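Colleague: give me a 3D structure for the following:
(2 chains)
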Amino acid sequence: MRMLEYYLQQILNFLRDFLLGYGYFAMYYALAITFIYFLIFALSIRHTSPLQRGIQYNRVQKLSGSEHVPPVSLLVPAYNEELMIKENVRSLLALNYPEYEVIVVNDGSKDETAQLLIEEFQLKEIKPFVSNNIKTERVRGYYHNPEYPNLYFIDKENGGKADSLNAGINLSRHPLISTIDADSLLEKDALTRIARVYMENPEETVAVGGNVRIVNSCTVEDGIVKNIQFPKQWWPALQNVEYIKAFLGGRIGWSSVNGLIIVSGAFGVFQKDKVIAVGGYRGGYPGEDMNIVIKLHRYCLENKIPYQVAFCPDAVCWTQAPDTYRILSSQRMRWGRGNLKNMIEEGIHMVFRPRYKVFGLLTLPYNILFETLNPYFRLSGLIAMIGYWLLNMADWKTVAVFMLVNFFSCFILSLGALFIEEKAFSRYPKLSDLNKMMLYSFLMFLGYRQVGVLWRFLGHIDFFRNNNSWGTMVRTNFNK
Amino acid sequence: MYINIEVAIRFLYVLIVLNVAFAVVVYAMKIKNLKRTRTERRFEVKIKDYLTYILIHIEGKEPLNLPPFPLNKAEQKAMQERLNDIIESFTGTAREKCMELCRRLGLVQDHLDRLKKGSYSVKIDAAYHLGCMRVQEAVPALLKLLQTHKRNSSLFVIARSIAKCARDEQDVQEMVQIVLRHNKGFYDLLVDMIKEADIDHGALFAEFIQRESHEFIQIGLCGLKDYTEPTVASTVYRLIESPDRTIQYKAMEIYLKSVHFIPRNVVQKLLRHPMDEVRVLTVQAIADLKLARYIDVMRSALLDESKRVSDASAKGLLLLGEGGIAQLCEVAAEARGSERGEYLHMLIEEQIKSLSLQPHDLDQLTRYNSLVYHYEKTLGKNKRIYRVV
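Modeller: The predicted structure is shown next:
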């Protein structure tokens, strides 16, 4: 009996020591992540004024009529997009931009996407010159109508979004390509705004990301977002504040140190020759938007090519956010899988290697430790909390203080993002919109962030099970 | 586990204070923005009649009258924005009258003072507005500001303002010289700015390409890319043999766009160029200029190693009349069985199909008849594929 007590005591002592060690580790982990968050937010806020001046003092309207802005090929991959494709293409054909082409790629849709587009724009099959820079699935046909000289349509076998983008690149004629999701709407001057950023450093700018905003509850007329409103539904509202925080609070800062790891698939512009040089988009797995940016960083750094991955927050693309738990969880699990795949495929070869500069020494360590591995630390933290409680290692006061410190240090970052939004953009016109943004920034901590961690973890499980499907996707009209 | 809870609590208090302060700042900004929007809307109603007056009398001989009401600071700012828009939309006398109005409103002097004494952000704001109002006396101060400015978006704001205010070519050249110190290949942006200057742009760009500096040559070529006068062709001709590939290509592009006749030796030289883009451009230029004397050259280009050149010369031959069409069908017949032959065959059939749909256009109808005739003759078809009534 004494022996048993002795061993039990030994086990308890070991557990206590282990939990104590874990506690120190978790504390330094939290301090490190908070430090990086604050650093990036400080950089974002510091760069808001120069950005604001660039936006305010450049007459974009005049630039959109200039013959000196670079021509762009817009690539629009479409899979089962029959509900929105016509409106989206019409809106893209009406952009304020001097020279561009729209290449819609039907990725073997099972619905009427191809037929609808062919009928709507009276497209006829053509035999254009197509480069074979990147291998793709078989193309069934290329379509065009001289009455819409800027519009091309590719009908191909299903091969995924990356494969569609690669097919579009092969057909494109211009030196810049822009990727746009078929469920998103570009603001009329978005391309000119990105072109302005590109024109200020065309030799080094290999990619420019646009800002993605949520269109749910806004009024859309003729493909133009007319009445901007904060989303009325819960899920889109939570995503709205999340997007503002990520794009304005995060990406402005990361781009200022050339450490941006992702250019959103919904809207970004790339130098075509560099995309071809890295072998085009990686097919067969989600997360192709992050993958292409990592490959561009790697290619330029390994070949000592001066380069910049920029972010243009005033170039806005409106996208439909998932409005149900099922679709949102599916999207986030897909993002989790894509992130893990990219880190395993590319990240681990570059992380902590001085050769890859800021990207290898800051972006990737941050991404691997605080994004990819985040679910494991969170879940283990939860288990440790239970352990502290069971072993009387922490009282409620300590737990409460640390939870509040965590909450307020995160909430101030949300406030920082709202500060940037108000200072430079102020896109939501009503005071009540700001109240809602404040409220949802608070509500994010009550379950949304936690369930986000769970989705990412489930995404990793899918990855290890080799499930690389796109997941649930339901399309609705813009004015729903 | 040792935790200094007191330190944590103190840190928590600091965080709470920071959060509250930040929230107050955000709300204050929102309220300020809303107030500004309301003021602007009210002012828009107030100046509606006055703006109508400006637009009606802007082309007249009389100078524009000042607004019949006093303006406070916010209203002056809103008025400045409207006047900037009007200045940008008009040229000539109308623009000058509006610029004069800005002067009499005191806006010019106000911004000149701000440019001299203000903080950095005030200086940039003043530089922008002085540029909009084309204030020539601001150029020396703007050039001074540009000299010490680092490379970011504001650098281009100042540079554009200098171009807008420029008194002569000298000012623009000085601006270009300073901006080129940060050279990152932004030639198109510079050209876009230079075109805002009230000078002879063509002469300036032509002068740039005579220089030894690659940067100036690049700017000159970017600026001349839309000029189609034959004098431009002779100006850029010497650059066709430049060792720099980019300069060479841009020069050829301009040359082929602006030339009215291409000598045979130049055609032959360009069609031997290793870049297929250059060969395509040459073949297209021959077709556009309807230089039927180069049908033989176009015929050879049909068998070029690049499919794009072959395609361009096939389409070009169709535009060179009966002779061109005959040569196209002949080569297609000779190359029958080969990949190129099959391609030309398909192209001819597609052209017949497309031309058959345009019987209302006499030129296309003539081309269609000629093409069908030679197609039947050389490729041995017995019956017409499409008939035109």
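
Colleague: residue 74: what's it in contact with?
Modeller: Went with chain A since none was named. Shown in contact with A:L74 (C-beta atoms under 8 Å, 6 or more residues apart in numbering or on different chains): A:92, A:100-103, A:177-178, A:180, A:191. The way it works is simple: take the backbone N, C-alpha and C, and place the C-beta from them, glycine included.

Colleague: you answered for a different chain; I wanted chain B.
Modeller: Shown in contact with B:A74 (C-beta under 8 Å, 6+ apart): B:36, B:39-40, B:43.

Colleague: so which of these are in strands?
Modeller: Judged by DSSP state E, strands contain none of these.

Colleague: in terms of helices and strands, where is the closest residue to chain B within chain A?
Modeller: Closest residue of chain A to chain B, C-beta to the nearest C-beta: A:G54 (3.1 Å). Here A:G54, judged by DSSP states H and E, is contained in helix A:48-56.

Colleague: what's the nearest residue to B:H149 if we skip its chain neighbours?
Modeller: Nearest non-adjacent residue to B:H149, counting by C-beta to C-beta, 6 or more residues apart in numbering or on different chains: B:L155, 5.0 Å away.

Colleague: so what's A:G338 up against?
Modeller: Per C-beta under 8 Å, 6+ apart, neighbours of A:G338: A:285-288, A:290-291.

Colleague: same check on A:N132?
Modeller: A:N170.

Colleague: roughly how far does it sit from A:D155?
Modeller: The spacing between A:N132 and A:D155, counted by C-beta to C-beta, to the nearest Å, is 18 Å.

Colleague: do A:L361 as well
Modeller: 45 Å.

Colleague: shouldn't B:T282 be in contact with B:K269?
Modeller: No. In this structure, B:T282 is not within contact of B:K269 by C-beta atoms under 8 Å, at 9.2 Å.

Colleague: those two - which one has more neighbours?
Modeller: Using other C-beta atoms under 10 Å in any protein chain shown as the criterion, B:T282 and B:K269 rank with B:T282 on top: 30 against 14.

Colleague: got the residues of the stretch 351-480 of chain A near chain B?
Modeller: A:388, A:393-394, A:397-398, A:401-402, A:404-405, A:408-409, A:411-412, A:415-416, A:418-419, A:422-423, A:426, A:429, A:431, A:434, A:438 (C-beta under 8 Å from any C-beta of the partner chain).

Colleague: where in chain B is pLDDT low?
Modeller: B:1-3, B:380-389 (pLDDT under 70).

Colleague: how many other residues sit next to the residue of it found nearest chain A?
Modeller: Relative to chain A, the nearest point of chain B is B:S153 (3.1 Å; C-beta to the nearest C-beta). Residues near B:S153, counting by other C-beta under 10 Å, number 19.

Colleague: identify the residue spatially nearest to it, adjacent ones excluded.
Modeller: A:G54 (3.1 Å).

Colleague: repeat that for B:R151.
Modeller: The nearest residue in space to B:R151 (C-beta to C-beta, 6+ apart) is B:H182, at 4.0 Å.

Colleague: correct me, but that neighbour touches B:N152?
Modeller: No. Counting by C-beta under 8 Å, B:H182 stays clear of B:N152, with 9.5 Å between them.

Colleague: which element follows the helix holding A:G54 toward the C-terminus?
Modeller: That would be, after helix A:48-56 and using DSSP H and E, helix A:60-63.

Colleague: from the contact counts, what lies against that following helix?
Modeller: helix A:190-199 (3 or more C-beta pairs under 8 Å, 6 or more residues apart in numbering or on different chains; DSSP states H and E).

Colleague: and the average pLDDT for the helix it packs on is what?
Modeller: In this model, helix A:190-199 carries a mean pLDDT of 96.

Colleague: now stretch A:219-227
Modeller: According to the model, stretch A:219-227 has a mean pLDDT of 83.

Colleague: buried set for it?
Modeller: Neighbour counts using 16 or more other C-beta atoms under 10 Å in any protein chain shown place A:220, A:223, A:225 of stretch A:219-227 among the buried residues.

Colleague: over to stretch A:428-444?
Modeller: Neighbour-count burial for stretch A:428-444 flags A:428, A:433-434, A:436-438, A:440-441, A:443-444 (criterion: 16+ other C-beta under 10 Å).

Colleague: same question for stretch A:69-77.
Modeller: Buried residues in stretch A:69-77, counted by 16+ other C-beta under 10 Å: A:69-70, A:72-77.

Colleague: same deal with stretch A:204-221?
Modeller: Buried residues in stretch A:204-221 (16+ other C-beta under 10 Å): A:204-218, A:220.

Colleague: for stretch A:51-71, same thing?
Modeller: Using 16+ other C-beta under 10 Å as the test for burial, stretch A:51-71 gives A:51-55, A:57-58, A:60, A:63-64, A:66, A:68-70.

Colleague: ok, now stretch A:291-307?
Modeller: A:291-301, A:307.

Colleague: same question for stretch B:205-222.
Modeller: For stretch B:205-222, by 16+ other C-beta under 10 Å, it's B:205-206, B:208-209, B:215-222.

Colleague: for it, what is the distance to the chain centroid?
Modeller: 17 Å (C-alpha atoms, centre = their mean, to the nearest Å).

Colleague: got it, and stretch B:322-331?
Modeller: Worked out by C-alpha atoms, centre = their mean, stretch B:322-331 lies 39 Å from the chain centre.

Colleague: next, count neighbours for A:E137.
Modeller: A:E137 has 17 nearby residues by other C-beta under 10 Å.

Colleague: could you do B:A126 as well?
Modeller: 25.

Colleague: got the phi and psi for it?
Modeller: phi -60, psi -40 (degrees, to the nearest 10).

Colleague: pull the contacting residues for the nearest residue to B:I199 once chain neighbours are set aside.
Modeller: If the residues on either side of it in the chain are set aside, B:I199 comes closest to B:E169, at 5.3 Å by C-beta to C-beta, 6+ apart. B:E169 is in contact with B:199-200, B:203-204, B:207, counting by C-beta under 8 Å, 6+ apart.

Colleague: what residues sit buried inside the helix or strand in which B:D113 is found?
Modeller: Per DSSP H and E: B:D113 is located in helix B:107-117. Buried residues in helix B:107-117, defined by neighbour count with 16+ other C-beta under 10 Å: B:107-108, B:111-112, B:114-115.

Colleague: counting contacts, what elements does it pack onto?
Modeller: Using 3+ C-beta pairs under 8 Å, 6+ apart, helix B:107-117 sits against helix B:73-89, helix B:120-132, helix B:139-147.

Colleague: residues in the stretch 1-150 of chain A within reach of chain B, list them.
Modeller: A:19-20, A:23, A:49-51, A:53-54, A:56-59, A:62-63, A:66-70, A:127, A:129.

Colleague: how about 6 Å then?
Modeller: Contact residues (C-beta under 6 Å from any C-beta of the partner chain) of the stretch 1-150 of chain A with chain B: A:20, A:23, A:50, A:53-54, A:57, A:66-68, A:129.

Colleague: which of the contacts of A:G338 sit farthest apart?
Modeller: Spanning the widest gap among those are A:Y285 and A:M290, at 10.7 Å by C-beta to C-beta.

Colleague: look at the two and report which has more neighbours.
Modeller: Taking neighbours as other C-beta under 10 Å, A:Y285 and A:M290 compare with A:M290 leading, 24 against 18.

Colleague: which of the helices or strands spans that one?
Modeller: helix A:288-302.

Colleague: mean confidence score for the helix or strand following that helix?
Modeller: Moving toward the C-terminus from helix A:288-302, the next helix or strand (DSSP H and E) is strand A:308-319. The average pLDDT within strand A:308-319 is 96.

Colleague: same for strand A:308-319, what does it pack against?
Modeller: strand A:184-186, helix A:190-199, strand A:205-214 (3 or more C-beta pairs under 6 Å, 6 or more residues apart in numbering or on different chains; DSSP states H and E).

Colleague: so what's the closest residue in space to B:V331 that isn't next to it in sequence up against?
Modeller: Distances taken as C-beta to C-beta, 6+ apart place B:L302 nearest to B:V331, at 4.9 Å, with adjacent residues excluded. Taking C-beta atoms under 6 Å, 6 or more residues apart in numbering or on different chains, we find B:L302 in contact with B:310, B:313, B:331.
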